[in-house]
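Q: Fold the following for me, if possible:
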Amino acid sequence: MKGNLQKALLAAALIAALVSMPRLFSMDYYLHIFVMSEIYAVLALSLSLLVGFTGQVSMGHAAFYGMGAYTSAILSIRLGLSFWVTFWVAGIFAGLAAFIIGKLVLRLRGHVLAITTAFFGVLVAVVMNNWIPVTNGPMGITGIPRPSPFSFLGLNIVLESRTDYYFLGLVFVAGVLYFLWRIENSRIGDAMIAVRENEELAASIGIDTMKSKVLAFTIAGALAGLAGAFYAHYILFISPVTFTINESINILVMVIFGGMSTLFGPVLGAICLTVLPELLRMAGELRLVIYGVALVFFIIKMPMGVWGTFRDRLINYRKKMTPHRGPGGRLPF
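A: The predicted structure follows:
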């Protein structure tokens with residue numbers, strides 16, 4: 001009972017802190033960083049499903065991010081469809097593409113899989129740059145409309161300010177977290193984790209390892225596509241520069257930095273690695289050096305990620321503080 005009360009109080013405090021952020025940091029600059037942190041949190045969470053749950057490394061995740069952004073932008077501008085429709089279509093399209101690519105590449109493993117997905121990411125970036133009639137090439141797509149107003153519980157909600165996008169982003173991240181939590185605590189999640197721990201052993205006990213990997217790859221691609229749609233209708237401009245292999249590496253680093261085998265770890269990694277470069281702007285030309293050294297330090301000192309290491313230490317501390325009961329449930333003296 002006491003543990004549940006503590007968790008409820010902690011959750012209430014966290015919600016109160018998140019809701020009050022726009023009041024504490026009202027400048028557009030800060031709110032923009034918060035919104036970008038939310039987008040990267042979804043991207044990191046989606047990639048963690050593949051990397052952390054099934055142990056498959058992808059270096060082309062930004063390709064699905066870009067597919068979602070371009071799909072939503074093109075449908076909104078050329079067909080006049082609402083964001084609330086194109087958002088889901090973008091996720092479905094990116095998920096379908098991920099399913100097809102997953103079927104082709106997930107028979108590979110390790111660095112071969114990483115290199116193959118990296119080449120796929122480069123190929124998608126080349127298509128975005130050169131399919132000018134559709135993507136407008138290096139010039140990108142401008143004039144992307146904002147999400148149309150909608151009614152919720154009798155309230156007319158209009159998304160215009162960064163604060164509006166911030167709260168929409170919170171709902172987005174919370175929904176993805178809940179969705180992945182349900183997967184983690186299901187037989188599907190158990191199968192994915194078994195594949196990560198020992199693929200041969202998982203296959204020997206009847207788990208369809210290929211099916212688990214393709215499912216994780218498909219869901220990860222679909223979530224990245226949704227994040228891309230959100231990004232497109234937030235920035236109102238997209239170009240191929242945003243969806244390069246460098247972005248894929250950046251997302252992967254967020255997952256590793258926060259903790260691959262946790263749900264909160266990728267969120268923490270996304271927040272830290274979105275905010276940290278902004279804090280280091282005052283360092284001028286040394287910014288990238290300091291950023292790189294900080295990453296190397298944390299990865300060496302915390303190989304399980306910041307949140308993963310903290311969680312393990314907390315578990316070990318609780319074990320030490322919990323008295324061991326002797327035979328018959330009695331405390332040993």
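Q: C-alpha only now, for contacts and for neighbours.
A: Fine.
Q: what's the distance between P277 and V289?
A: When Cα to Cα, to the nearest Å is applied, the distance between P277 and V289 equals 11 Å.
Q: Which one's more surrounded, the two?
A: P277 (15 against 11; other Cα atoms under 10 Å).
Q: ok, residues contacting the helix or strand where the more buried one lies?
A: For P277, the host element (DSSP states H and E) is helix 264-279. When contacts are defined by Cα atoms under 8 Å, 6 or more residues apart in numbering, helix 264-279 is touched by residues 33-34, 36-38, 40-42, 44-45, 48, 251, 254-260, 287, 291, 305-308.
Q: Let's see that with 7 Å instead.
A: Residues from elsewhere that reach helix 264-279 (Cα atoms under 7 Å, 6 or more residues apart in numbering): 33, 37, 40-41, 44-45, 48, 254-255, 257-260, 291, 307-308.
Q: And the buried ones among these, selectable in PyMOL?
A: Those of the contacts of helix 264-279 that count as buried under 16 or more other Cα atoms under 10 Å are selected in PyMOL with:
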select buried, resi 33+37+40+41+44+45+48+254+255+257+258+259+260+307+308
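Q: which strands and helices sit next to the lengthiest helix in the chain?
A: The single longest helix within the chain, with elements called by DSSP state H, is helix 209-235. If you count contacts as 3 or more Cα pairs under 7 Å, 6 or more residues apart in numbering; DSSP states H and E, helix 209-235 packs onto helix 28-48, helix 61-78, helix 83-105, helix 187-197.
Q: Sheet partners, orientation included, of the helix or strand following it?
A: Using DSSP H and E, the helix or strand that directly follows helix 209-235 along the chain is strand 237-238. Under the criterion DSSP bridges, strand 237-238 sits next to strand 141-142 (antiparallel) in its sheet.
Q: Report the rounded mean pLDDT for stretch 100-107.
A: If you average the pLDDT over stretch 100-107, you get 93.
Q: got the phi/psi numbers for M304?
A: phi -90, psi 10 (degrees, to the nearest 10).
Q: sorry, back to before: format the helices and strands packed on helix 209-235 as TSV; extra columns: distance to I157.
A: Listed next are these as TSV, based on distance: least, Cα to Cα, whole Å:
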stretch	distance to I157
helix 28-48	18
helix 61-78	19
helix 83-105	13
helix 187-197	36
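Q: most packed of these?
A: Comparing the helices and strands packed on helix 209-235 by mean neighbour count (mean count of other Cα atoms under 10 Å), helix 61-78 ranks first with a mean of 27.
Q: Quick one: residues in contact with that helix.
A: 81-83, 86-87, 90-91, 94, 121, 124, 144, 221, 224-229, 231-232, 243-245, 247-248.
Q: and it, how far from the chain's centre?
A: 17 Å (Cα atoms, centre = their mean, to the nearest Å).
Q: quick one on the thing from earlier: which one among the contacts of helix 264-279 gets closest to A16?
A: S37 (18.2 Å; Cα to Cα).
Q: residues touching the closest one, list them.
A: 270-271, 274.
Q: Throw those residues into a markdown table and include pLDDT and distance to S239, thanks.
A: A markdown table is the format used below for those (pLDDT from 0 to 100; distance: Cα to Cα, whole Å):
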| residue | pLDDT | distance to S239 |
| --- | --- | --- |
| A270 | 91 | 22 |
| I271 | 90 | 23 |
| T274 | 89 | 20 |
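Q: Which positions in stretch 119-129 come out as buried?
A: By neighbour count on 16+ other Cα under 10 Å, the buried set for stretch 119-129 is 120-122, 124-125, 128-129.
Q: what residue ranges in this protein score low on pLDDT?
A: In the predicted model of the chain, residues 1-7, 151-155, 282-288, 315, 317-318, 321-333 satisfy pLDDT under 70.
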